[in-house]
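Undergrad: got a structure for you, letters missing:
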């Protein structure tokens, strides 16, 4: 594989991305290790994290050869433009920052875990005997939280994103905590730009592609709310950038940090194994395609230390999920076993290929000769297959609705289909629409350019052995193809597009920039080509930015749960610090609110599993009173409390309306705002009377 062309990004930008990525990796990894051990604290995580970040930065710092490369003033201008785009997105997200405090979906759960960790230093919620022995059945499970056999509570998900939220909360309170995804998104944009400059010759075109991606609704959605995807973006694209630099300089030290970053994606998301599976084959490919023995000797430390670097962070992410989120892992066992089988398969294939290649030099020479003789034919066939496959998926696949057997997803889809007035199709996954989703958010011109650019990537990887093209296709292209075939997620918009914000959409953006660059170069070779080449670039770059902006503009100020935190704080004031809160079973608040109230109000919570008369609950309230607690019943409506405990009369003690939620859709991008209403009704239970 040939190395990338001279990077069109300045060394200082690589250094900025390097420092930021090492900080995220170090503080996230050290914080996660301490949290899993039950010893998270600011006094430990910040000094150790700072030392690790400094060490990683020193290991991966730009070498003298990189610093001495030819510098062009024009490089810095688009690089500064990329920084302006990143900071602009950060400022815009900060102005419309979500405050997701209700555990209705992943962002809320990540916040609740982070808030608990910031205050208690452990990922385990200890058991309490308050709810036992009362004669009434209570449960402490809720959305994102499992009750363990020993009575403790266990949070679901991989926990590195929550660790970063906890660290921010310790530093700057809730305001800084909610800003973390926006900061991570800004770092990721700079990393994607730096990678793109090793693929595309014109940095201005890369800047346009990155700006279009930054303005796309899927990217703004994950960076404006507390999703884990921005952390994965930083580690994945930062790791890719480091891997490219390791290859350029033949540095085992840089390769080690690259492996740590890519392996670290497993600390942010349970299914990030999918990013690790291609690594063994990629290493084998690099080994086989070395030009000679000297080249292979120089590549050996890059390959060896890169693979070794993956192990510590990937192991930490795996242990975190198995030990601190074991029931969540069990629920996803079939999918996880498939991913780990894929990793084992690629590892075995890589070993077999390298051993066979080394043991049979005569066969290796014949295969090398055959590949060299038919390289053009192979590249043409592969690029045509990719292009035709993508065009068929874009134009023809939507005509055939895909149906699955995932019952929970089907239930959600039916509910949404009914509310939108669509035909009810319980088993439909909408997976046939994946490329149409891309068209909605980046525009048909950008998508068409991306298809052409992906064909060009395949050609560059096979015909000329371009290292950057190979890295992107092997490490990110395969994952993008799997999720384009089946996103394996609830298909409502904008929720499902988070699957693509990490790898597929940035890859398509850079592929579109590559197609525009290649097209402009082809036009420049014709008569009067230079003028037309400039026009081609300008029109294409404008399309890359204009279409995402046009889709975004009607809902540009979207914001999740904007006023909900204030309402929760009002509830805390009403119930007081000595409350014990129970929620009626099957009520919406019983699913989404127990840990929220427990975190922000610092009171014990549970779900009332059995209905009973007021008198029976009054005896429980009297027992709680002897323990210094006042029993409250909270629910989303007064009727929910009345059904659970006949005779109780409740009042509204907290409410909020978030008017800039993205409306949920199935057959188009969100074009309108929706209002989300948050209500909490409450009643204080006593032995002689009830007071609302």
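TA: Yep, that arrived. Every value quoted in this text rests on a predicted model; they were computed, and no experiment measured them.
Undergrad: show me what the helix or strand hosting residue 684 is packed up against.
TA: If you go by DSSP states H and E, residue 684 is part of strand 673-685. Strand 673-685 is packed against helix 564-575, helix 614-626, strand 630-635, helix 638-644, strand 651-662, strand 690-691, with contacts defined by 3 or more C-beta pairs under 8 Å, 6 or more residues apart in numbering; DSSP states H and E. Where you see a C-beta, it was placed from the backbone N, CA and C, and this is true even at glycine.
Undergrad: buried ones in the second one?
TA: Okay, so that is helix 614-626. Residues of helix 614-626 classed as buried by neighbour count (16 or more other C-beta atoms under 10 Å): 614, 617, 618, 620, 621, 623, 624, 625.
Undergrad: turn the helices and strands packed on strand 673-685 into CSV, columns for mean pLDDT and distance to residue 91.
TA: As requested, these are exported to CSV (pLDDT from 0 to 100; distance: least, C-beta to C-beta, whole Å):
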stretch, mean pLDDT, distance to residue 91
helix 564-575, 95, 21
helix 614-626, 81, 48
strand 630-635, 93, 37
helix 638-644, 89, 41
strand 651-662, 94, 17
strand 690-691, 43, 47
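Undergrad: so can I have JSON lines of the ones you listed showing distance to residue 30?
TA: Listed next are those as JSON lines, based on distance: least, C-beta to C-beta, whole Å:
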{"stretch": "helix 564-575", "distance to residue 30": "28"}
{"stretch": "helix 614-626", "distance to residue 30": "40"}
{"stretch": "strand 630-635", "distance to residue 30": "37"}
{"stretch": "helix 638-644", "distance to residue 30": "44"}
{"stretch": "strand 651-662", "distance to residue 30": "35"}
{"stretch": "strand 690-691", "distance to residue 30": "48"}
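Undergrad: go through these and name the closest to residue 334.
TA: Taking C-beta to C-beta, strand 651-662 is the member of the helices and strands packed on strand 673-685 nearest to residue 334, at 31.2 Å.
Undergrad: paired strands for that closest one, with orientation please.
TA: Strand pairing for strand 651-662, determined by DSSP bridges: strand 673-685 (antiparallel).
Undergrad: for the strand it pairs with, buried residues please.
TA: Neighbour counts using 16+ other C-beta under 10 Å place 673, 676, 678, 679, 680, 681, 682, 683, 684, 685 of strand 673-685 among the buried residues.
Undergrad: quick check: longest helix of the chain.
TA: Longest helix of the chain, by residue count under DSSP state H: helix 160-196.
Undergrad: now do that helix and helix 564-575, the angle between them.
TA: Helix 160-196 runs at 170 degrees relative to helix 564-575, counting by axes from the mean of the first three to the mean of the last three C-alpha atoms, to 10 degrees.
Undergrad: quick revisit: which one of the buried residues of helix 614-626 is nearest to residue 586?
TA: Nearest to residue 586 among the buried residues of helix 614-626, with distances taken as C-beta to C-beta, is residue 617, at 17.1 Å.
Undergrad: ok so, going back, pick the most deeply packed of the helices and strands packed on strand 673-685.
TA: Mean neighbours per residue, mean count of other C-beta atoms under 10 Å, is largest over the helices and strands packed on strand 673-685 for strand 630-635, with a mean of 24.
Undergrad: give me the residues contacting that one.
TA: Applying C-beta atoms under 8 Å, 6 or more residues apart in numbering, the external contacts of strand 630-635 come out as 571, 575-576, 578-584, 587, 589-590, 593, 597, 608, 617, 620-621, 624-625, 641, 644-645, 648, 650, 653, 680-685.
Undergrad: which residues does stretch 359-378 contact?
TA: Outside stretch 359-378, the residues that touch it by C-beta under 8 Å, 6+ apart are 356, 357, 358, 462, 463.
Undergrad: buried stuff in it?
TA: residue 378.
Undergrad: cool, stretch 380-400 as well?
TA: 380, 382, 383, 386, 387, 390, 393, 394, 397.
Undergrad: which residues are in contact with that stretch?
TA: 432-436, 439, 447, 451-452, 454-456, 458-459, 462, 484.
Undergrad: are any of the residues you listed buried, and which?
TA: Buried subset of the contacts of stretch 380-400 (neighbour count, 16+ other C-beta under 10 Å): 432-436, 439, 447, 451-452, 454-456, 458-459, 462, 484.
Undergrad: of all those residues, which comes closest to residue 10?
TA: residue 456 (25.3 Å).
Undergrad: I'd say that closest one and residue 518 touch.
TA: Yes - with contacts counted by C-beta atoms under 8 Å, residue 456 reaches residue 518, the gap being 5.5 Å.
Undergrad: my read: residue 540 touches residue 519, true?
TA: Yes - counting by C-beta under 8 Å, residue 540 does reach residue 519; the two are 7.4 Å apart.
Undergrad: more neighbours: which of those two?
TA: Just comparing residue 540 and residue 519: by other C-beta atoms under 10 Å the higher neighbour count belongs to residue 540, 22 against 18.
Undergrad: so that one: helix, strand or coil?
TA: What DSSP: H, G, I helix; E, B strand; the rest coil gives for residue 540 is helix.
Undergrad: repeat that for residue 560.
TA: Residue 560 is classified as coil under three-state DSSP.
Undergrad: just the pLDDT for it.
TA: At residue 560, the model reports a pLDDT of 93.
Undergrad: what distance do you get for it to residue 164?
TA: Distance from residue 560 to residue 164, counting by C-beta to C-beta, to the nearest Å: 19 Å.
Undergrad: let's see which of the contacts of stretch 380-400 end up in helices.
TA: 434-436, 439, 447, 451-452, 454-456, 458-459, 484.
Undergrad: for the chain, name the helix or strand with the lowest mean pLDDT.
TA: The least trusted helix or strand in the chain, going by mean pLDDT, DSSP states H and E, turns out to be strand 690-691, with a mean of 43.
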